[in-house]
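Colleague: predicted model and sequence below, questions to follow.
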Amino acid sequence: MATPAEKLESAFRSGLALPLKCDVPTITAETAKQWDSVAHLQLVGAIEKDFGVELSPGDVMDLDSYAAAVGILQRLNAWPGV
């Protein structure tokens, strides 16, 4: 079974079509040229599917980095160690 970090990395890779060489935990909307509005919605869908959560409109707006995604998932009790 994949760890939460592995699941989130997979969601980012699929949602944003990231290359294997990309250091996903450091990615932000500013550093990823492929992070446009369509990719953003694909990322949201991948996170919701992989973690069994529903992001609020505010969460969707706040999702601008891997770190932000971890924070959102922690708040939703979908990330261990909270």
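Modeller: It's in.

Colleague: drop to CA atoms for contacts and neighbour counts, all remaining ones
Modeller: OK.

Colleague: ranges for the helices of this protein?
Modeller: Counting by DSSP state H, the chain has these helices, from start to end: 4-16, 37-51, 57-62, 66-75.

Colleague: tilt between the longest one and helix 4-16?
Modeller: Translated: helix 37-51. 150 degrees (axes from the mean of the first three to the mean of the last three Cα atoms, to 10 degrees).

Colleague: please shift the residue numbers so they start at 687 in all later answers.
Modeller: Okay, using 687 as the starting number, the last item reads as helix 723-737.

Colleague: so for helix 723-737, mean pLDDT?
Modeller: Throughout helix 723-737, pLDDT has a mean value of 97.

Colleague: next one: the last one
Modeller: Across helix 752-761, the average pLDDT comes to 97.

Colleague: contact partners of it?
Modeller: Contact with helix 752-761 is made by 698, 710-714, 745, 748-749, 765-768, as judged by Cα atoms under 8 Å, 6 or more residues apart in numbering.

Colleague: contact partners for the nearest residue in space to residue 762 that is not next to it in sequence?
Modeller: Here the nearest residue to residue 762 in space, its sequence neighbours aside, is residue 739; by Cα to Cα, 6 or more residues apart in numbering that works out to 7.6 Å. Residue 739 is in contact with 733, 762, 764, counting by Cα under 8 Å, 6+ apart.
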